[in-house]
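Chemist: I would like the atomic coordinates for the input below:
(2 chains)
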Amino acid sequence: MTKVVRVAAGQGFWGDDLDAPRRQVEGGQIDYLMLDYLAEVTMSILQKQKERDPSLGYARDFVGAIESVLPGVIERGVKVIANAGGVNPPACAAALKAATGKRDGGRGLRIGVVTGDDLLARLDELIESGHLLDNMDTGEPLTTVRERVLSANAYIGSEPIVEALRAGANVVITGRSTDTALTMAPLRHEFGWARESWDQLASGIVAGHIIECGAQCSGGNCLHDWKSIPDLANVGYPLVEGSSDGSFVVTKHPGTGGRVSVPTVTEQLVYEMGDPRSYITPDVVADFTSIRLEQQGENRVRVSGIRGRPPTGKLKVSIAYRAGFKAVGTLVYGWPDALEKAELADRILRERLDRAGLGFEHVLSEFVGATATHGRLAGDQRAAPEVQLRLGVRGPDKAAVERFTREIAPLVLNGPPSVTGFAGGRPKVEEIVAYWPALVDKTVVKTKVEIVS
Amino acid sequence: MKVRLVDIAHARSGDKGDTANVGIIALEQHWYPVLEKFVTRESVARHFDGMIDGPVERFELPNLRALNFLLHGALDGGGTLSLRTDAQGKVYSTALLRMTIDVPDSEAKRLSLPPHLGKSA
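Modeler: Alright, predicted model coming up:
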């Protein structure tokens, strides 16, 4: 029989359904459990935690996730691959050992720890040697925000994960691996794809792109025929059944809700897409215009035909920096003339902010229930039964943002009528940690794999 | 004949920095050429005129009967900087599906396109 390797997604971001990993391991046969914890700004949150406590800086949910799937890992040989290490993969491994040490029946987890993506301590050295880490969007050099940088991590590819699996790891913890590498690496390892097997590597990347957001390819957030999607309360997270030629089937466990169909998979394929001919990863550039989809049965979509080509000589770097403060305040206005009342409140509030001499980088007013998300495309909303005024401010001065948060409540008594929805008190002032995407030469990033058992 | 995109396509949108991407997908295979012909970079830029600060790019994926649009400067700075409710551009998808296109009657009839009788957005 042709070999099939099953990789299941159990986490689409840090904060996803805590029970999904266990359901993926217990709901049917799988070979690998893939857990994606890192969004663009997650690294900076983890860096702040690590500054407060050097034993932190990883996705702590991961420890509970592994505890919940431990029988599957120990008895059935399911392997786990996760970028839960954040900015501190060794600490993540240590926490995992401490939590599972007594309960793994003495047979032991073999944890592969991938490091080398963290560039924070090397930033000045890199800049001095000519790696300016210009912002990919704006072209500005990193020196403009250097003092405010919180974290800097290169997106790394499949190679160190494959290396860890080859060394016998049954749990692989990485830092800033690309989301897609977490799925491609086990397929590459199992089928022995070479570094130049561009089409297969690209297929593994597409598999990763499809399942990296968890249930978002299996019925979650799906617009197509959404009313008929069954049992989202028990939505089945996706898994891929990979073959050696790169083709794979997207499916989910039997008895689960949601749907895997050509439309649900297509929606996920176009999610966060740039130029579809060039989906750039550290391992390969995948061509999304070569993807063939085919419904192969209920909740089974076959994906094939994918072409890839050699990668670039660069790695993307995810840099987070402090970028001031923001706060958002809201009030709700009721019928009649809800929108006009909210608009008047907005004008009053802005006048008071001006009078108080508060300088903000940016003030944004939105009218939720009327035009907040679709603007003028929403059409005439003067008959709306209720409208929420949502006013946000952003600026470098924390005190000014704090002062803004005190200006909302008075409007309840000294502004337009039929106002409510102010329970919950003053808006919270948040520090903004912004994202700075950059590129760096591949040669400067050296990954390392260590097996802890 | 006026045709509204929500009646012939589905969509999903997301973000990359200050750029929103909207992928729209024809509900029927034989409707894809209609999208390719009438939902152009220019018509989409007009649809979002005044709502986004930057240019619009379009990419074609006939294999998925889909078009991918990049709306630059659509997210008030994007990511954590954005003050928008929809900071990550999640519902730009349905904002694009509000668009109506003008398809010659004969073509619309041949392709059984559903007519849009209401007011255009």
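Chemist: Can you pull out the low-pLDDT segments for chain B?
Modeler: Within chain B, the ranges that satisfy pLDDT under 70 run B:119-121.
Chemist: ranges for the strands of the stretch 1-150 of chain A?
Modeler: A:5-11, A:32-35, A:79-82, A:111-115, A:149-154 (DSSP state E, counting those that start in this stretch).
Chemist: what's the most buried one of those strands?
Modeler: Most buried of the strands of the stretch 1-150 of chain A, by mean neighbour count (mean count of other CB atoms under 10 Å in any protein chain shown): strand A:32-35, with a mean of 30. For the C-beta atoms, the positions are set from N, CA and C on the backbone; glycine is no exception.
Chemist: Check which helices and strands that strand is in contact with.
Modeler: Counting contacts by 3 or more CB pairs under 8 Å, 6 or more residues apart in numbering or on different chains; DSSP states H and E, strand A:32-35 packs against strand A:5-11, helix A:20-26, helix A:61-76, strand A:79-82, helix A:181-191.
Chemist: Which SSE is immediately downstream of the last one?
Modeler: Beyond helix A:181-191 in the direction of the C-terminus, DSSP states H and E gives the next helix or strand as helix A:198-211.
Chemist: Next, the angle helix A:181-191 makes with that next one.
Modeler: On the basis of axes from the mean of the first three to the mean of the last three CA atoms, to 10 degrees, helix A:198-211 is oriented at 140 degrees to helix A:181-191.
Chemist: Tell me what angle helix A:198-211 forms with strand A:5-11.
Modeler: 30 degrees.
Chemist: Show me which residues of the stretch 201-350 of chain A sit near chain B.
Modeler: A:221, A:223-224, A:263, A:266-277, A:288-293, A:323, A:326, A:328 (CB under 8 Å from any CB of the partner chain).
Chemist: any chance you could read off phi and psi for the residue in chain A positioned nearest to chain B?
Modeler: Closest approach between chain A and chain B, counting by CB to the nearest CB: A:Val270, at 2.5 Å. When read as degrees, to the nearest 10, the backbone of A:Val270 gives phi -90, psi 0.
Chemist: wait, isn't it in contact with B:Asn68?
Modeler: Yes: using CB atoms under 8 Å, A:Val270 makes contact with B:Asn68 at a distance of 5.7 Å.
Chemist: what is in contact with these two at once?
Modeler: Residues touching both A:Val270 and B:Asn68 (CB atoms under 8 Å, 6 or more residues apart in numbering or on different chains) are B:Asn21, B:Gly23, B:Leu61.
Chemist: Highest neighbour count among these?
Modeler: Taking other CB atoms under 10 Å in any protein chain shown as the neighbour criterion, B:Gly23 ranks highest of the shared contacts of A:Val270 and B:Asn68 with 28 neighbours.
Chemist: what lines up beside the helix or strand hosting that one in the sheet?
Modeler: Assigned by DSSP H and E, B:Gly23 falls within strand B:19-26. If you go by DSSP bridges, strand B:19-26 pairs up with strand B:9-16 (antiparallel), strand B:66-71 (antiparallel).
Chemist: Is it possible to get those out as TSV so that each row also shows mean neighbour count?
Modeler: What follows is those, written out as TSV (neighbours: other CB atoms under 10 Å in any protein chain shown):
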stretch	mean neighbour count
strand B:9-16	25
strand B:66-71	25
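Chemist: Format those strands as CSV; extra columns: distance to A:Arg259.
Modeler: Output for those, formatted as CSV (distance: least, CB to CB, whole Å):
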stretch, distance to A:Arg259
strand B:9-16, 13
strand B:66-71, 18
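Chemist: of all the helices and strands packed on strand A:32-35, which lies closest to A:Thr100?
Modeler: Ranking the helices and strands packed on strand A:32-35 by proximity to A:Thr100 (CB to CB) places helix A:61-76 first, at 6.1 Å.
Chemist: what's in contact with the lowest-mean-pLDDT helix or strand in chain A?
Modeler: Ranked by mean pLDDT, DSSP states H and E, the helix or strand of chain A with the weakest confidence is helix A:42-52, at a mean of 89. Identification of contacts with helix A:42-52 by CB under 8 Å, 6+ apart yields A:13-14, A:56-59, A:86-88, A:91, A:120, A:150-151, A:153, A:176, A:318, A:320, A:433.
Chemist: list the buried ones in that helix?
Modeler: A:Thr42, A:Met43, A:Ser44, A:Ile45, A:Leu46, A:Gln47, A:Lys48, A:Gln49, A:Lys50 (16 or more other CB atoms under 10 Å in any protein chain shown).
Chemist: quick one on the thing from earlier: mind checking which of the residues of the stretch 201-350 of chain A next to chain B are buried?
Modeler: Applying 16+ other CB under 10 Å to these, the neighbour count classes A:221, A:223-224, A:263, A:266-274, A:276-277, A:288-291, A:293, A:323, A:326, A:328 as buried.
Chemist: Now do the same contact list for the residue of chain B found nearest chain A.
Modeler: The minimum distance from chain B to chain A, using CB to the nearest CB, falls at B:Gly23 (2.5 Å). Taking CB under 8 Å, 6+ apart as the criterion, B:Gly23 is in contact with A:266-267, A:269-271, A:273, B:11-13, B:61, B:66-69, B:93.
Chemist: And A:Lys252, by the same measure?
Modeler: Here A:Lys252 is in contact with A:Ser218, A:Gly236, A:Tyr237, A:Pro238, A:Leu239, A:Gly258, A:Val260, A:Asn299 (CB under 8 Å, 6+ apart).
Chemist: Can you give me the buried ones in stretch B:96-115?
Modeler: Buried-residue list, stretch B:96-115, by 16+ other CB under 10 Å: B:Leu96, B:Leu97, B:Arg98, B:Met99, B:Thr100, B:Ile101, B:Val103, B:Ala108, B:Leu113.
Chemist: Next: stretch A:89-100.
Modeler: A:Pro89, A:Pro90, A:Ala91, A:Cys92, A:Ala93, A:Ala94, A:Ala95, A:Leu96, A:Lys97, A:Thr100.
Chemist: Kindly report the same for stretch A:314-331.
Modeler: Result for stretch A:314-331 [16+ other CB under 10 Å]: buried residues A:315-331.
Chemist: Show me what the mean pLDDT comes to for that stretch.
Modeler: The average of the pLDDT scores along stretch A:314-331 is 96.
Chemist: mind checking how far it is from the chain centre?
Modeler: 15 Å (CA atoms, centre = their mean, to the nearest Å).
Chemist: what's the answer for stretch A:360-369, then?
Modeler: For stretch A:360-369, the distance to the chain centre is 26 Å (CA atoms, centre = their mean).
Chemist: can you list the residues that contact that stretch?
Modeler: A:324, A:330, A:338-339, A:342-343, A:346, A:350, A:353, A:372, A:381, A:384-396, A:400-401, A:404, B:76-77, B:83-85.
Chemist: Repeat that for stretch A:436-448.
Modeler: With contact meaning CB under 8 Å, 6+ apart, stretch A:436-448 is reached by A:114-117, A:119, A:122, A:126, A:131, A:133-137, A:142, A:145, A:149, A:154, A:156, A:159-160, A:282, A:313-321, B:17.
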